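K.L.:
Generate coordinates for the sequence data below:
(one chain, ligands or ions: 1)
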Amino acid sequence: MLETGCLSDSRSFPGRSKPARQSTRQGFVPAEAAREAEAAKVPGLSARIAAAAIIADVVQGGHRLDECFSPQAVPNRLSGLDPRDVALTRSIATVSLRRLGVIRHALGELLEKGLPRQAGRLEYTLIAAAGQLLFLDAADHAAIDLAVRATKLEPKTGPYAGMVNGVLRNLLRRRDEFLEVAASGEYDAPPWLAQRWRKSYGEEAARAIVAMYMREPPLDVSVKSDAGDWAGKLDGVVLPTGSVRVKSRTAVAELPGYRDGEWWVQDAAAALPARLLAAKPDERVLDMCAAPGGKTAQLALARAQVTALDRSAERLKLLASNLSRLDLRAAVAVGDATGYQAQPFDAILVDAPCSATGTARRHPDVPWTKKPGDIEALAALQAKMLARAALLTKAGGRIVYCTCSLEPEEGEQQIAAFLRRNPDFCRAPVTAAADGVPAEFITRDGDLRTLPCYWPNEDARLAGIDGFFAARLVRGA
Ligand SMILES: C[S@@+](CC[C@H](N)C(=O)[O-])C[C@H]1O[C@@H](n2cnc3c(N)ncnc32)[C@H](O)[C@@H]1O
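P.N.:
Down below sits the predicted model:
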């Protein structure tokens with residue numbers, strides 16, 4: 001339920017002379033209908049084609065992986081696929097993006113001369129097939145055969161079917177070698193991000209963050225009441241912060257209590273900022289970047305008078321439907337937070353758009369679609385939102401600012417700059433005792449900082465937490 005912005009960072013394999021530049025939409029659409037009909041005749045082929053197309057949409061086109069699986073996705077790569085094929089497409093695309101670094105390394109080793117130019121989606125067919133051969137339990141011969149068939153179906157890639165066959169068979173022969181490279185973690189994050197995390201958190205934590213990003217995320221939910229009871233019903237545990245971590249792998253909508261609106265999906269770290277705002281009944285509260293509404297639900301549950309503002313009308317529809325399922329109320333407003341005007345509020349939550357580098361377990365596309373410049377641009381937007389929030393806060397009122405980013409520019413540095421510019425505000429430090437937040441999550445300045453490597457556990461269903469930053473600020477009376 002967390003969301004990320006996405007911009008493309010098209011990268012090439014080592015050893016490739018030039019990326020095969022091609023617009024995803026222009027290149028893939030024309031033969032679509034005929035190819036779909038052909039592909040539908042071979043079990044599993046449509047899912048492989050869809051997975052390769054989605055990986056291309058993400059890596060080349062800058063789409064968010066989640067978005068590609070939404071019914072509103074444009075282009076929609078899933079039309080006509082049955083639910084089993086959609087699930088297979090999702091697992092191939094997800095693992096291929098999670099492991100993109102080492103897959104690119106392996107393909108770079110195998111493609112000594114690089115990829116041919118003008119080769120359509122060849123690169124992404126290879127990535128999807130390598131993802132299956134290295135990291136999924138799919139039958140090897142099916143992964144190779146279907147990649148070759150997918151290659152033959154598209155005029156641009158057709159001539160390279162023999163090459164695809166050869167490369168994937170060589171990959172299979174050298175699989176143990178590439179799995180050892182994968183285990184070293186060397187290629188698991190783009191170098192510029194790994195370097196940033198080493199600088200911010202030290203070598204050991206940076207390694208642990210990246211290692212956590214190679215694992216499936218747990219399912220955390222926020223419950224309306226009686227966490228212990230719901231932990232029992234959902235085969236879960238109550239976390240020290242009050243969220244329930246669900247061990248069951250049943251589809252979310254099929255779990256007990258979902259349809260009755262008793263809980264909503266929300267990472268344990270994402271549940272903390274609204275808690276820090278501590279909204280009281282009837283207080284006027286602005287949720288400045290509200291959709292899809294995980295934090296709005298918390299504020300509404302506290303019986304505050306919540307205004308849920310977001311720039312995206314589409315995402316606010318999702319918020320409205322989430323609140324309706326939960327039988328919770330908020331006033332909804334579509335608008336740009338940086339220019340929003342209203343009577344001052346008692347409390348404001350600024351859950352600002354950010355690079356989302358703390359959520360790469362849930363969004364394995366994030367590390368491969370962000371660029372260094374994005375962080376600067378997002379930090380500038382966040383500063384504007386904070387400035388507007390300051391104008392909209394009553395004397396004595398409070399702001400909680402948060403991002404799901406690991407980057408200090410979007411967290412600690414943002415708040416330091418805000419406090420320099422706004423001497424009428426001061427920090428209200430987070431404390432373990434009063435806020436019910438584990439002491440290891442609290443920085444020396446009294447902000448919240450969670451790292452994905454916290455709460456390690458052998459069982460992936462119980463391990464880790466999203467990377468979040470939150471600061472609580474109070475305006476002088
Ligand atoms: C991190 S998400 C919010 C998640 C949400 N608070 C939750 O807990 O479910 C950031 C949101 O900011 C919205 N957004 C981006 N730019 C905005 C702007 N200028 N004004 C208002 N909302 C904006 C996005 O549409 C997105 O829904």
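K.L.:
what's around Asp447, how many residues?
P.N.:
Neighbour count for Asp447, taken as other C-beta atoms under 10 Å: 21. From N, CA and C alone the C-beta is placed, and that goes for glycine too.
K.L.:
ah, wrong one, I meant Ala268
P.N.:
Ala268, neighbours per other C-beta under 10 Å, totals 24.
K.L.:
Stretch 321-332: end-to-end distance?
P.N.:
Stretch 321-332 has an end-to-end distance of 12 Å (criterion: C-alpha to C-alpha, to the nearest Å).
K.L.:
got the residues of the chain near the ligand?
P.N.:
1, 3, 289-295, 309-312, 315, 336-338, 351, 353 (C-beta under 6 Å from any ligand atom).
K.L.:
center of the protein, which residue is that?
P.N.:
His363 (2.8 Å; C-alpha atoms, centre = their mean).
K.L.:
Regarding that residue, what is its secondary structure?
P.N.:
coil (DSSP: H, G, I helix; E, B strand; the rest coil).
K.L.:
does it really touch Phe69, like I thought?
P.N.:
No. His363 is beyond contact range of Phe69, at 11.9 Å (criterion: C-beta atoms under 8 Å).
K.L.:
pLDDT below threshold where in the stretch 151-300 of the chain?
P.N.:
Scanning the stretch 151-300 of the chain for pLDDT under 70 picks out nothing.
K.L.:
Just give the closest residue to the residue in it that the ligand sits nearest to, not the sequence neighbours.
P.N.:
Proximity to the ligand, evaluated over the stretch 151-300 of the chain using C-beta to the nearest ligand atom, is greatest for Cys289 at 3.1 Å. Spatial nearest neighbour of Cys289, excluding adjacent residues (C-beta to C-beta, 6 or more residues apart in numbering): Asp351 at 4.9 Å.
K.L.:
do you know how far the one you found is from Ala308?
P.N.:
Going from Asp351 to Ala308 by C-beta to C-beta, to the nearest Å gives 11 Å.
K.L.:
Going along the chain, name the helices of the stretch 351-477 of the chain.
P.N.:
Under the criterion DSSP state H, counting those that start in this stretch, the stretch 351-477 of the chain contains helices at 366-369, 372-391, 412-421, 432-435.
K.L.:
Can you spell out which helices and strands pack onto the longest one?
P.N.:
When contacts are defined as 3 or more C-beta pairs under 8 Å, 6 or more residues apart in numbering; DSSP states H and E, helix 372-391 sits against strand 345-351, strand 393-403, helix 412-421.
K.L.:
6 Å - rerun?
P.N.:
strand 345-351 (3 or more C-beta pairs under 6 Å, 6 or more residues apart in numbering; DSSP states H and E).
K.L.:
just checking, Leu234 touches Lys247?
P.N.:
No. In this structure Leu234 lies outside contact range of Lys247 using C-beta atoms under 6 Å: 7.9 Å.
K.L.:
and those two? which has more neighbours close in?
P.N.:
Remark: of Leu234 and Lys247, Leu234 carries more neighbours, 23 against 14, as counted by other C-beta under 10 Å.
K.L.:
What's opposite the residue nearest to that one when sequence neighbours are not counted in the beta bridge?
P.N.:
Leaving aside its sequence neighbours, Leu234 sits nearest to Val246 (C-beta to C-beta, 6+ apart; 4.6 Å). According to DSSP bridges, the partner residues bridging Val246 are Leu219, Gly236.
K.L.:
residues contacting Val246?
P.N.:
Contact analysis of Val246 by C-beta atoms under 6 Å, 6 or more residues apart in numbering lists Leu219, Leu234, Gly236.
K.L.:
what's the answer for Asp365, then?
P.N.:
Val58, Leu65, Leu97.
K.L.:
before we move on, what SS does the first one have?
P.N.:
Val58 carries the three-state label helix when classified by three-state DSSP.
K.L.:
Leaving out the residues flanking it, which one is nearest to it?
P.N.:
Using C-beta to C-beta, 6+ apart and skipping residues adjacent in sequence, the residue nearest Val58 is Asp365, 4.7 Å away.
K.L.:
Relative to the ligand, how far out is that neighbour?
P.N.:
Distance of Asp365 to the ligand, given as C-beta to the nearest ligand atom, to the nearest Å: 16 Å.
K.L.:
quick one, phi/psi of that residue?
P.N.:
phi -70, psi -20 (degrees, to the nearest 10).
K.L.:
Same question for the one 5 residues further on.
P.N.:
Lys370 has phi and psi values of phi -90, psi 150 when expressed as degrees, to the nearest 10.
K.L.:
okay, now the closest residue to it other than its chain neighbours: neighbour count?
P.N.:
Using C-beta to C-beta, 6+ apart and skipping residues adjacent in sequence, the residue nearest Lys370 is Ser355, 5.3 Å away. Residues lying near Ser355 (other C-beta under 10 Å) number 29.
K.L.:
With Glu283 instead?
P.N.:
If you count neighbours by other C-beta under 10 Å, Glu283 ends up with 20.
K.L.:
The nearest residue in space to it that is not next to it in sequence and the ligand, how far apart?
P.N.:
In this structure, Glu283 finds its nearest non-sequential neighbour in Asp346, 4.2 Å apart by C-beta to C-beta, 6+ apart. For Asp346, the distance to the ligand equals 18 Å [C-beta to the nearest ligand atom].
K.L.:
Could you say which helix or strand holds the residue of the stretch 151-300 of the chain closest to the ligand?
P.N.:
Using DSSP states H and E, Cys289 falls within no helix or strand.
K.L.:
Look at it and say how many residues are nearby.
P.N.:
When neighbours are defined as other C-beta under 10 Å, Cys289 has 23 of them.
K.L.:
Next up, phi/psi of it, please.
P.N.:
Residue torsions, per degrees, to the nearest 10, at Cys289 are phi -130, psi 80.
K.L.:
isn't it right up against Ile348?
P.N.:
No. Applying C-beta under 6 Å, one finds Cys289 not in contact with Ile348, separated by 10.6 Å.
K.L.:
residues in contact with Asp260?
P.N.:
Contact analysis of Asp260 by C-beta under 6 Å, 6+ apart lists nothing.
K.L.:
Assign Lys280 to helix, strand or coil.
P.N.:
coil.
K.L.:
and it, how many neighbours does it have?
P.N.:
Neighbours of Lys280 using other C-beta under 10 Å come to 12.
K.L.:
wait, what's in contact with it?
P.N.:
Lys280 neighbours (C-beta under 6 Å, 6+ apart): none.
K.L.:
ok, now with 10 Å
P.N.:
Ala302, Arg303, Ala304, Asp346, Ala347 (C-beta atoms under 10 Å, 6 or more residues apart in numbering).
K.L.:
Now which of those residues would you call buried?
P.N.:
The neighbour-count test (16 or more other C-beta atoms under 10 Å) marks Ala302, Ala304, Asp346, Ala347 as buried among those.
K.L.:
which residues does the third one contact?
P.N.:
Read it as Asp346. Contacts of Asp346 (C-beta under 10 Å, 6+ apart): 277, 279-280, 282-286, 304-305, 393-394, 396-398.
K.L.:
Model confidence for Lys113, exactly?
P.N.:
On the pLDDT scale, Lys113 is placed at 86.
K.L.:
How about the one 4 residues further on?
P.N.:
We have a pLDDT of 81 for Arg117.
K.L.:
ok, Ala395 - how many residues close by?
P.N.:
Applying other C-beta under 10 Å, I find that Ala395 has 9 neighbouring residues.
K.L.:
So what does the residue of the stretch 51-200 of the chain found nearest the ligand look like in phi/psi?
P.N.:
With C-beta to the nearest ligand atom, the shortest gap between the stretch 51-200 of the chain and the ligand falls at Arg64, namely 11.4 Å. Per-residue torsions, Arg64: phi -80, psi 140 (degrees, to the nearest 10).
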